[in-house]
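>>> what follows is a predicted protein model with its sequence.
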Amino acid sequence: MSYVDEVIEQVIKQNPAEPEFHQAVKEVLESIRVVVEANEEKYRRDALLERMVNPERQFKFRVPWVDDNGQVHVNTGYRVQFNSAIGPYKGGLRLHPSVNLGIIKFLGFEQIFKNSLTGLPIGGGKGGSDFDPKGKSDREVMAFCQSFMTELCKHIGADTDVPAGDIGTGAREIGYMFGQYKRIRNLYEGVLTGKGLTYGGSLARTEATGYGLLYLTEEMLKTNGHTIAGKTVSVSGSGNVAIYATEKAQQLGAKVVTVSDSTGWVYDPDGIDVAALKEIKEVNRARLTEYKKYRPNSEYHEGRGVWGVKVDIALPCATQNELNLDDAKALVSNGVLAVCEGANMPTTLEATKYLQENGVYFVPGKAANAGGVATSALEMSQNSLRLSWSFEEVDSRLKNIMVGIFHNLDDAAKKYGFEGDYVVGANIAGFEKVAEAMNAQGIV
Ligand code: NDP
């Protein structure tokens, strides 16, 4: 059996009931097979892949908090410090009822290669809890965040591990967590990113993942002889990534016709009204059913359906495995040109394969959504320098990074004879740097 297959089998055996983690490991290892085969003897002797698929460290802890009626609740907190070969652990905190160790491990594993692709000195980590901020009062969210940070603060630090936002963790949650960290550790340092602008946050961090997705998509299309202006786009999700992807797509002259949340989706033939979307989601924290009040010509549908709409470009920006084989078939039969992932692993392995086999340009999340973590790293730099850069400066660095990432993965794919396969390109480009750094640092 090949080394890659052996390690995949071992991961499945040693980590039962973690299907998302298995999926992420399979995707990465299968697409770097050609590099592993070229170095098989050395990698086997050094157990390089075994070390890469095992987190350096992981924490699981109790998070008790009191609701507004005096009732105590207990959630589970996680932080997985996956790989620090190229820098301090970096990766978001997800607050969603679906969170479990397997989900955090899949996200942490992906983060290693994503962070490497940015070209910045950041290792891979991820964390979160099964706490659901939806429907909770601000005081309840604060109580949870303070309890969560009371344990987490023992394991993180500006030069050790720097968490950020993710699903369910926005500016409000980061603020409460930062306050508690500072209070307990008596350290005013850049231990979290995604902070508010009055206490060390970076301009353009809020926009970064969505904007970055579009900068990379634009460069990929340009390289292949297409433009983004005039294209019709479907976006899923209506959170941080979806909102700013929609905003930048429209600024670049495309028309975004869909957004969604976990209960339904909107079709707006005239193009999504971003100001209305921001008011509904960022200000009122309401559901998409509200959108029709702003745009009477739009349609609201319960359930799933975004991928059935005829578009040129699809941008999945909600959550993992939200675009399956049937969705891929619908997109292809409607003549889709490109699918670029704003979320982490939103496309199933079968759907990815189908899209690629049918000539659709496909860019995986670890490259396409790396603008968020890249700008988080820029926030860390500003915190270390005790300086704040202008919006334009951060945005232009972000754009350069995204353009650089695309050419990095495009070149890697070409170098190994997989021209146009951006999954292979991204994984190889991300892997090579981490492997080299691990090799140089000995058996640790
Ligand atoms: P948000 O919490 O701001 O938004 C998530 C959106 O996805 C919401 O519209 C939510 O709907 C929807 N959603 C979440 N879970 C599900 C589900 N199980 N089924 C259907 N819809 C769902 O998160 P972000 O926008 O920050 O993150 C979105 C994705 O992008 C995630 O995969 C995240 O890991 C990834 N990402 C985020 C980065 C960032 O900077 N924020 C950086 C890189 C990647 P509802 O409100 O109904 O729950």
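Yep, that arrived. Residues are numbered from 1 along each chain as shown.

>>> tell me the helix or strand right after the host helix or strand of Gln81.
Per DSSP states H and E: Gln81 is located in strand 72-83. Counting by DSSP H and E, the next helix or strand C-terminal to strand 72-83 is strand 89-95.

>>> ok, Phe431 touching Ile32?
Yes: at 4.9 Å, Phe431 and Ile32 qualify as touching, with contact defined as CB atoms under 8 Å. Yep, even glycine has a C-beta here, placed from its N, CA and C like the rest.

>>> let me know the pLDDT of Asp132.
The model reports Asp132 with a pLDDT of 98.

>>> Pro97 too?
98.

>>> for stretch 134-142, list the C-alpha coordinates in PDB.
Only the C-alpha atoms of stretch 134-142 are listed here, as PDB (Å, rounded to 0.1, in the frame of the first residue of the first chain):
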ATOM      1  CA  LYS A 134     -28.300  32.900  18.200                       C
ATOM      2  CA  GLY A 135     -31.300  34.100  20.300                       C
ATOM      3  CA  LYS A 136     -29.100  34.800  23.400                       C
ATOM      4  CA  SER A 137     -29.000  38.200  25.100                       C
ATOM      5  CA  ASP A 138     -25.800  40.300  25.000                       C
ATOM      6  CA  ARG A 139     -25.300  39.500  28.700                       C
ATOM      7  CA  GLU A 140     -25.700  35.800  28.100                       C
ATOM      8  CA  VAL A 141     -23.200  35.900  25.200                       C
ATOM      9  CA  MET A 142     -20.800  37.900  27.500                       C
END
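
>>> ok, back up a step: ok now the strand holding Gln81, how far from the chain's centre?
Chain-centre distance of strand 72-83: 18 Å, with CA atoms, centre = their mean, to the nearest Å.

>>> hmm, who's touching the host helix or strand of Val373?
Element membership for Val373 (DSSP H and E) is helix 371-385. If you take CB atoms under 8 Å, 6 or more residues apart in numbering as the criterion, helix 371-385 is touched by 90-92, 111, 114-115, 118, 120-122, 158, 162, 164, 189-190, 193-195, 200-202, 204-205, 208-213, 215-216, 241, 388-389, 394, 397-398, 401-402.

>>> likewise stretch 306-313?
Defining contact as CB under 8 Å, 6+ apart, one finds that stretch 306-313 is touched by 217, 228, 231-236, 249, 254, 257-258, 260, 265, 267, 314, 323, 327-328, 330-331, 334-340.

>>> ramachandran angles for the residue in the stretch 51-200 of the chain that the ligand sits nearest to?
Nearest residue of the stretch 51-200 of the chain to the ligand: Ile167, at 4.0 Å (CB to the nearest ligand atom). When read as degrees, to the nearest 10, the backbone of Ile167 gives phi -50, psi 130.

>>> same question for His407.
When quoted as degrees, to the nearest 10, the phi and psi of His407 stand at phi -70, psi -30.

>>> residue contacts, it?
Neighbours of His407 in contact, by CB under 8 Å, 6+ apart: Glu219.

>>> could you rerun that using 10 Å?
Glu219, Met220, Thr223, Gly425, Ala429 (CB atoms under 10 Å, 6 or more residues apart in numbering).

>>> and Lys414, by the same measure?
Gly420, Asp421, Gly425.

>>> for these, which one is nearest the ligand?
For these, the nearest to the ligand is Gly425 (18.9 Å; CB to the nearest ligand atom).

>>> tell me which element that closest one falls in.
For Gly425, the host element (DSSP H and E) is helix 422-440.

>>> what is the orientation angle of that helix with strand 72-83?
Between helix 422-440 and strand 72-83, the angle comes out at 80 degrees (axes from the mean of the first three to the mean of the last three CA atoms, to 10 degrees).

>>> can you show me the strands along the stretch 201-350 of the chain?
232-236, 255-260, 264-267, 299-302, 313-316, 338-340 (DSSP state E, counting those that start in this stretch).

>>> make JSON lines out of the ones you listed and add mean pLDDT, distance to the ligand and mean neighbour count.
Output for the strands of the stretch 201-350 of the chain, formatted as JSON lines (pLDDT from 0 to 100; distance: least, CB to the nearest ligand atom, whole Å; neighbours: other CB atoms under 10 Å):
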{"stretch": "strand 232-236", "mean pLDDT": "98", "distance to the ligand": "7", "mean neighbour count": "26"}
{"stretch": "strand 255-260", "mean pLDDT": "98", "distance to the ligand": "7", "mean neighbour count": "25"}
{"stretch": "strand 264-267", "mean pLDDT": "98", "distance to the ligand": "9", "mean neighbour count": "22"}
{"stretch": "strand 299-302", "mean pLDDT": "98", "distance to the ligand": "12", "mean neighbour count": "14"}
{"stretch": "strand 313-316", "mean pLDDT": "98", "distance to the ligand": "9", "mean neighbour count": "30"}
{"stretch": "strand 338-340", "mean pLDDT": "98", "distance to the ligand": "12", "mean neighbour count": "27"}
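
>>> how about the helices in the stretch 151-300 of the chain?
Ranges of helices in the stretch 151-300 of the chain, per DSSP state H, counting those that start in this stretch, are 171-185, 205-223, 240-251, 274-278, 291-294.
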